[in-house]
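Asker: Here's my sequence, what's the structure:
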Amino acid sequence: AHPGNGAACLLVSSFTDGVVRSAQGSSTFLRALRQILDAREAEEALAESAQASPCAGPDPVLLGRVLDGDVAGGPAPRRVRMVYVPTARYALRVGSENTPGKQRQRARADGRSRRRIMERYVYDALAADRAGCEVRAITVDLDDGSAKQPACLTAEGDACQGGKNPVADGFPEDGHAALKSWNPHLIVVDGGNTFWLHRCLVARSDKRDGVGSWTSAFSSACSGPSGALYVGISAGAILAGKHVETACWKRWDDPRVVPGMESYADWKGVEGMGFAMDNSIFPHMDDEWEDTVNAERLQVQSDVVALRESDGLFIDGRGGMYSYIGNDNAEPNACVES
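Answerer: All right, here's what the predicted structure looks like:
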């Protein structure tokens, strides 16, 4: 395997089963997030020190304290910026009795509910580390490029609830700003229709300067020693893989939502973002899919990692390493190697 783009990411079938209820998954997720927060805090403290004394450079005493995790007299409050991407859930269902407007309304409400669970989980875990924890979250739709539903979770609740000017409150104006200038610590791409998610990923660019796809925005946001942690759930996990055709194997996702790519055959060989190095991802693995996976994986030009509900795959692209997070009852690498 090769290191891909240098991103750190955690890929799961289910956030609840693969992270919240999994001791190993939870430990991996929180350890990676804390490392990113620590790296950012060190960078910011040293930058401030160097700016204060441009000729002398960073204060050596402060440098030593930063390395020891002791900044400004003690650990600073954790301030997390989280981007949540529910685009895969926003795909319209072909043949649904509900109107497109009703489908979108329900999908947005469902996405907001799911995001709140993640916000609370992150807040509770980090608030146990230090007082004054804050989790700022924004929802980004890759289809229209919007950044909506700003929230700031603190010990007093949602400090941003009802705010009329999110940008003035420190939130990004749109989706590209959320991934770029807002400099998030955590990016969560949720499940739903993989084909719609991929279509939105590749169909739009930053119209303000005419360049820069979503793929490059994700790659830039997640790369480097202090880049954001990418968490891919189900479709979000498939998207991070080398190929997305594993979404065809169960036939749960409907490709008809993407004009010109309406059949499963159209998706053969279509590439994902490549965060998972040489691996393609097959989420929601169960015994009933074993024969299907073992047959189909021979046709894919990559390794295939099959993830059960409580499984996960953590990739540290910076070091070219990945580790499997498996439950006690499953064969961890039964479908990993091609």
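Asker: could you point out which element follows the helix or strand of the chain with the lowest mean pLDDT?
Answerer: Every helix and strand of the chain was ranked by mean pLDDT, DSSP states H and E. The lowest is helix 60-67, at a mean of 58. Tracing the chain C-terminally past helix 60-67 and defining elements by DSSP states H and E, one meets strand 79-85 next.
Asker: partners of that following strand, with directions?
Answerer: Neighbouring strands of strand 79-85 in its sheet, by DSSP bridges, are strand 134-140 (parallel), strand 186-189 (parallel).
Asker: could those go into a markdown table alongside distance to F15?
Answerer: The C-beta positions use only the backbone N, C-alpha and C, and glycine is treated the same way. Shown next, in a markdown table, are these (distance: least, C-beta to C-beta, whole Å):
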| stretch | distance to F15 |
| --- | --- |
| strand 134-140 | 14 |
| strand 186-189 | 8 |
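Asker: Mind jotting down where the helices sit in the stretch 151-300 of the chain?
Answerer: Under the criterion DSSP state H, counting those that start in this stretch, the stretch 151-300 of the chain contains helices at 175-179, 194-203, 214-222, 235-240, 290-296.
Asker: Hmm, V293 is touching L307, no?
Answerer: No - contact criterion C-beta atoms under 8 Å: V293 and L307 do not qualify, at 11.0 Å.
Asker: So which of the two has more stuff around it?
Answerer: Neighbour count, other C-beta atoms under 10 Å: between V293 and L307, L307 has more, with 25 against 18.
Asker: mind listing what that one touches?
Answerer: L307 sits next to 11-13, 18, 237, 281-285, 313 when contact means C-beta atoms under 8 Å, 6 or more residues apart in numbering.
Asker: at 6 Å instead, please
Answerer: Neighbour list for L307: 13, 283, 285 [criterion: C-beta atoms under 6 Å, 6 or more residues apart in numbering].
Asker: Compare those residues and tell me which has the most neighbours.
Answerer: Taking other C-beta under 10 Å as the neighbour criterion, P283 ranks highest of the contacts of L307 with 29 neighbours.
Asker: how much space is there between the residue nearest to it when sequence neighbours are not counted and L30?
Answerer: Distances taken as C-beta to C-beta, 6 or more residues apart in numbering put S13 closest to P283, at 3.9 Å, once the chain neighbours are dropped. Computed as C-beta to C-beta, to the nearest Å, the S13 to L30 distance reads 19 Å.
Asker: likewise S181?
Answerer: Taken as C-beta to C-beta, the span from S181 to L30 is 26 Å.
Asker: Which of the two has more residues huddled nearby?
Answerer: More neighbours surround L30 than the other of S181 and L30, with 17 against 9 (other C-beta under 10 Å).
Asker: you'd agree that one is in a helix?
Answerer: Yes - residue state for L30 (DSSP: H, G, I helix; E, B strand; the rest coil) corresponds to a helix.
Asker: Mind checking what secondary structure C9 has?
Answerer: strand.
Asker: quick one: buried residues of stretch 92-100?
Answerer: L92 (16 or more other C-beta atoms under 10 Å).
Asker: Not counting its own residues, what contacts it?
Answerer: 103, 254, 256.
Asker: Can I get the buried part of those as one ChimeraX selection?
Answerer: Here is the ChimeraX command that selects the buried residues among these (16+ other C-beta under 10 Å):
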select :103,254
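Asker: returning to that earlier point: which one among the contacts of L307 gets closest to M118?
Answerer: S13 (15.2 Å; C-beta to C-beta).
Asker: and the gap between D129 and P77?
Answerer: 10 Å.
Asker: For the closest residue to W267 other than its chain neighbours, the count of nearby residues, please.
Answerer: Closest residue to W267 apart from its sequence neighbours, by C-beta to C-beta, 6+ apart: E245 at 5.0 Å. Using other C-beta under 10 Å, E245 has 25 neighbouring residues.
Asker: Show me where this structure has its strands.
Answerer: Secondary structure of the chain (DSSP state E): strands at 8-12, 79-85, 134-140, 147-154, 157-158, 186-189, 229-233, 279-282, 303-306, 312-316, 321-325.
Asker: quick one: contacts for the residue nearest to D316 when sequence neighbours are not counted?
Answerer: Using C-beta to C-beta, 6+ apart and skipping residues adjacent in sequence, the residue nearest D316 is A8, 5.4 Å away. When contacts are counted by C-beta under 6 Å, 6+ apart, A8 touches 32, 229, 316.
Asker: Next, format the strands paired with strand 79-85 as CSV and append mean neighbour count.
Answerer: Output for the strands paired with strand 79-85, formatted as CSV (neighbours: other C-beta atoms under 10 Å):
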stretch, mean neighbour count
strand 134-140, 25
strand 186-189, 26
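Asker: Quick one: those strands as JSON lines, columns for distance to R297 and mean pLDDT too.
Answerer: Formatted as JSON lines, the strands paired with strand 79-85 follow (distance: least, C-beta to C-beta, whole Å; pLDDT from 0 to 100):
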{"stretch": "strand 134-140", "distance to R297": "32", "mean pLDDT": "96"}
{"stretch": "strand 186-189", "distance to R297": "23", "mean pLDDT": "98"}
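Asker: and of those strands, who's closest to E262?
Answerer: Of all these, it is strand 186-189 that lies closest to E262, at 23.4 Å by C-beta to C-beta.
Asker: could you dump stretch 114-124 to PDB, C-alpha only?
Answerer: Written as PDB, here are the backbone C-alpha positions of stretch 114-124 (Å, rounded to 0.1, in the frame of the first residue of the first chain):
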ATOM      1  CA  ARG A 114     -27.400  12.700  13.700                       C
ATOM      2  CA  ARG A 115     -25.000  15.600  13.900                       C
ATOM      3  CA  ARG A 116     -26.200  16.500  17.400                       C
ATOM      4  CA  ILE A 117     -25.300  13.000  18.600                       C
ATOM      5  CA  MET A 118     -21.800  13.400  17.300                       C
ATOM      6  CA  GLU A 119     -21.400  16.900  18.700                       C
ATOM      7  CA  ARG A 120     -22.500  15.700  22.200                       C
ATOM      8  CA  TYR A 121     -20.200  12.700  22.000                       C
ATOM      9  CA  VAL A 122     -17.200  14.800  21.100                       C
ATOM     10  CA  TYR A 123     -18.100  17.500  23.700                       C
ATOM     11  CA  ASP A 124     -18.600  15.000  26.600                       C
END
